[in-house]
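# Sequence and predicted structure, then a few things I'm wondering about:
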Protein chains: 2
Amino acid sequence: MTPELRHLRYFVAVAERLSFTVAARELRIAQQSLSQQIVALERALGTRLFDRDTRGTRLTEVGRVFLPEARAVLARADAAVETARRAERGEVGRLHLAFLVSTANYMMPPVVRAFRERYPDVDLVTEAVGIADLVGGLRDGRYDAAFTRPPLVDDLKTVTLVGERVCAVLPTGHPLAGRAELRLADLAGEPWVLTPRGSWEPWHRKYDEDFRAAGFAPRVVQRADGVPSLLGLVAAGVGVTRLARSAHSLRRTGVVFVPLAGERAETVMAWHPGRYRRAVRNLLDVAVGLAAAIDLTEAG
Amino acid sequence: MTPELRHLRYFVAVAERLSFTVAARELRIAQQSLSQQIVALERALGTRLFDRDTRGTRLTEVGRVFLPEARAVLARADAAVETARRAERGEVGRLHLAFLVSTANYMMPPVVRAFRERYPDVDLVTEAVGIADLVGGLRDGRYDAAFTRPPLVDDLKTVTLVGERVCAVLPTGHPLAGRAELRLADLAGEPWVLTPRGSWEPWHRKYDEDFRAAGFAPRVVQRADGVPSLLGLVAAGVGVTRLARSAHSLRRTGVVFVPLAGERAETVMAWHPGRYRRAVRNLLDVAVGLAAAIDLTEAG
DNA sequence: CGGGGGTCACAGGCTCTGACTGTAACCGCC
DNA sequence: GGCGGTTACAGTCAGAGCCTGTGACCCCCG
C-alpha cells in the first residue's frame, strides 16, 4: 500500500494532540478507525511513528522527523488545489492575445498594462498579426482573444470597445486638404490607393457598400498592404485613401487627415465562443472598463 | 470530497499520455475506473481538467496549470516517505549524546567528527555531564547514548571501546616518582585524595575492592569532585591518587603519572536497551570502528 | 460507402476497505 | 477496588473503487 493524503492528515492530527481518542473526536471518526489507519501508514512506511501504550501516545524519533514532512505534503497539496481554483477563475494561466497590426499601436500597451496589474499571475503572450492570421488563430485556438476591426465572421463573438471618426487621407497641398470635414462623394473623381481585396473579404465588401452608397466606384490606381504603405503612397501623391483617425499617429508628414461626415470605425475584442474561458471574460471586463475610462485611440 | 494522492497520480498519468485508455492500461486499472476517478477529481476541484471527446483527450488551460502542481505534490510526498525510511535507518533525525566530563576531552572530538561525516543529516546534540546525570539521562530518555567509564548499572547496556593503563598520580619529587611502574600496595602508607563516595557508588565499590585486594584501606585526607581538582591537590602535595592515563593531558606540571601494574581502565559506550534505535546502532558502529582504527585515548 | 479500430461515457454488479460498535487489557489516581 | 483514562482486537456494514458489458461517436482504410 502507498500512503494517501488521508493517512497524513490523520497522522498530523494524532501527532498534534498526542492522543488517538482526542484526535479521532476532532476528525469525527472512531478511535478504532484512526488506530487502524495509523497502523496502515506505519506499515506502508516500514516504521513505527508512535510509541503508544495504555498511558498515552508519544512520537517516536522517526515520527518526529516525519511530522514536518507530512505537514509539508499537505500544505503543498492545499496549494495545488488552490492554484487549480484560481486557474478556474482565470487568475493564473496563460492567455494568447492577437492584436491587429493597425490597432496594436494604440490598444496593446494600455490593455496589457491594465490586465497585468489586475491579474499578475496570468502569463500574457501577445502578437501583432494580420487580419487573416488573426481570424484563423481565433478559430483554431492559437489565440484566446484578439483586438481587431469589424466586420469579421459569424462564428466569432465580438464586443465593441471604442469608436472613432474615419478620415479621408490626402497629400499635403491637395485642393481639399484645407476642409474641416468631407463627404465620401467629394472624393469620387480622385485616384485611390487601397489594400488588396484578398487581405480580408468582409472588409472590402463593406468598402464596396460604402462607395456604392456614396454613388461612385473608386478608381484604384494602386493596392498596398498595411497602413504605413498606404500613407507612404498618399504622401507620394499617388492617390488618396480612407483610414481610421487613429492611423494619423503613424505618419504626420506629407499627409492630411480630414474627417468624413457620418463615418465611424470601431475597434472590437473578438473570441471564439467555444473557447470562452474565465480568463477571456476577465480580459473583456478589463478592456471594457478601460475603454470607458480613457480614450484608447489616443493612448499607447 | 477532498482529492487524494491517487487522484493526482491518475491525473498525471492521463495528462502525460493524453489518453484514458493508454493511461489506464499502464496503471493496470480499467479505462472506465480511471474516467470515474478523474471525474471525481474534477468535481472536487470544481473545474474540468480535460477536454475529451470521441477523437481524443486534451488538457484544458486549468489542466495545464494543474499538471506541474500535481507533479510537485507527488514528488513532495515521495520525498516525505523517503525521509521517513531514512529516519528509520537512522540517517536523519536527532541524537542526544552525553560524554562523561573526564572522557569528553579525548572521546568527543573524534567520535563526533566521524559520525557527522558518515551521517551528515543526523543532528548531533552533545553534552559533557557528570556520571549521575549521565546515567539518569540514559534512563529517562534525555540522552540516547553516552560515553563513560564502567561500572554503571545493570539496566544499561555497554560496549567497551578502549582500554588504557591506570596510573598512580604523585607530586613531582615524590620518592616513588622516578619508578617506571608501581603496584597499588606500594602506596599503602600514602595520604590519598579521592572523589566523594556520593558521586557514583558503583565506582567506589570497585575502588574498595581494588584497595582490599592490595591489602590496605587508603587513608583519605581530602575528597574533591572532578579530575582537575584531584590533580591540583596532588600537585599541592596534599596526597596521591589514581587515574586513567589519559587524564595526564589535563595537567602536566607538578604531577607525575606512574603506571600501576596490571590495572586497566575502560571507556564504554552505554545506552538504554529500550531505546536502542538504528541511530544508536549506527553510532556504536562508528565508535567501534574508530576505536579499532586509532588510539582514542591519545586523540582529541 | 461500410466496416474495423480507436476514442470516452454510462450502467450495473462485485470486492474490499475504511468506517462503525462492542469488548478487552492495561495504567494511574482517588 | 472502582473509575476515568489510554490503545488494541474482533466482527459487521456501507460505500468507494474497480470491473464487465454496452453504447455513441469519429476517423481511416479498403
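Thanks, I have the structure now.
# Low-confidence stretches in chain A?
A:299-300 (pLDDT under 70).
# Which stretches in it count as helices?
With DSSP state H, the ranges of helices along chain A come out as A:5-17, A:20-27, A:31-45, A:61-88, A:101-118, A:131-140, A:201-213, A:227-235, A:278-293.
# Quick check: which of those is nearest to B:Ala30?
Closest to B:Ala30 of the helices of chain A is helix A:5-17 (CB to CB; 23.4 Å). Heads up, the C-betas are built off the backbone N, CA and C, glycines and all.
# Around DNA strand D, pick out the residues from chain A.
A:19-22, A:31-32, A:35, A:38-39, A:52-57 (CB under 7 Å from any atom of the strand).
# For the helices of chain A, could you give me TSV that also reports mean neighbour count?
Shown next, in TSV, are the helices of chain A (neighbours: other CB atoms under 10 Å in any protein chain shown):
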stretch	mean neighbour count
helix A:5-17	20
helix A:20-27	17
helix A:31-45	17
helix A:61-88	20
helix A:101-118	19
helix A:131-140	18
helix A:201-213	13
helix A:227-235	20
helix A:278-293	18
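# so how far is chain B from A:Gly198?
33 Å (CB to the nearest CB, to the nearest Å).
# does A:Tyr160 really touch A:Glu266, like I thought?
Check again: residue A:160 is Thr, not Tyr. Yes. Using CB atoms under 8 Å, A:Thr160 makes contact with A:Glu266 at a distance of 4.9 Å.
# How about A:Phe137: what's its closest non-neighbour residue?
For residue A:137 the amino acid is Gly, not Phe. Nearest residue to A:Gly137, sequence neighbours excluded (CB to CB, 6 or more residues apart in numbering or on different chains): A:Tyr143, at 4.0 Å.
# which residues touch the one you found?
A:His96, A:Leu97, A:Ala98, A:Glu127, A:Leu134, A:Gly137 (CB atoms under 8 Å, 6 or more residues apart in numbering or on different chains).
# excluding its backbone neighbours, what's nearest the fourth one?
What that stands for is A:Glu127. Sequence neighbours aside, A:Ala98 is the residue nearest to A:Glu127 in space, at 5.5 Å (criterion: CB to CB, 6+ apart).
# domain assignment for chain A?
A:5-88, A:93-161+A:267-298, A:162-265 (automatic domain parsing).
# Tally up the residues packed near the nearest residue to A:Arg242 once chain neighbours are set aside, please.
Nearest residue to A:Arg242, sequence neighbours excluded (CB to CB, 6+ apart): A:Ala168, at 5.8 Å. For A:Ala168, the tally of surrounding residues (other CB atoms under 10 Å in any protein chain shown) stands at 26.
# With the one 3 residues further on instead?
With neighbours defined by other CB under 10 Å, the count for A:Pro171 comes to 17.
# Report the beta-bridge partners for it.
Beta-bridge partners of A:Pro171, counted by DSSP bridges, are A:Val255.
# Now do the contacts for it.
A:Pro171 neighbours (CB under 8 Å, 6+ apart): A:Ala177, A:Val234, A:Ala235, A:Ala236, A:Gly237, A:Val240, A:Gly254, A:Val255, A:Val256.
# Show the buried residues in those residues.
Neighbour counting over these (16 or more other CB atoms under 10 Å in any protein chain shown) leaves A:Val234, A:Ala235, A:Val240, A:Val255, A:Val256 as the buried ones.
# Between all of these, which two are separated the most?
A:Ala235 and A:Val240 (11.1 Å).
# gap between the residue in the stretch 151-300 of chain A positioned nearest to chain B and B:Val65?
For the stretch 151-300 of chain A and chain B, the shortest gap (CB to the nearest CB) falls at A:Arg277, measuring 6.0 Å. Note on A:Arg277: its distance to B:Val65, by CB to CB, to the nearest Å, is 12 Å.
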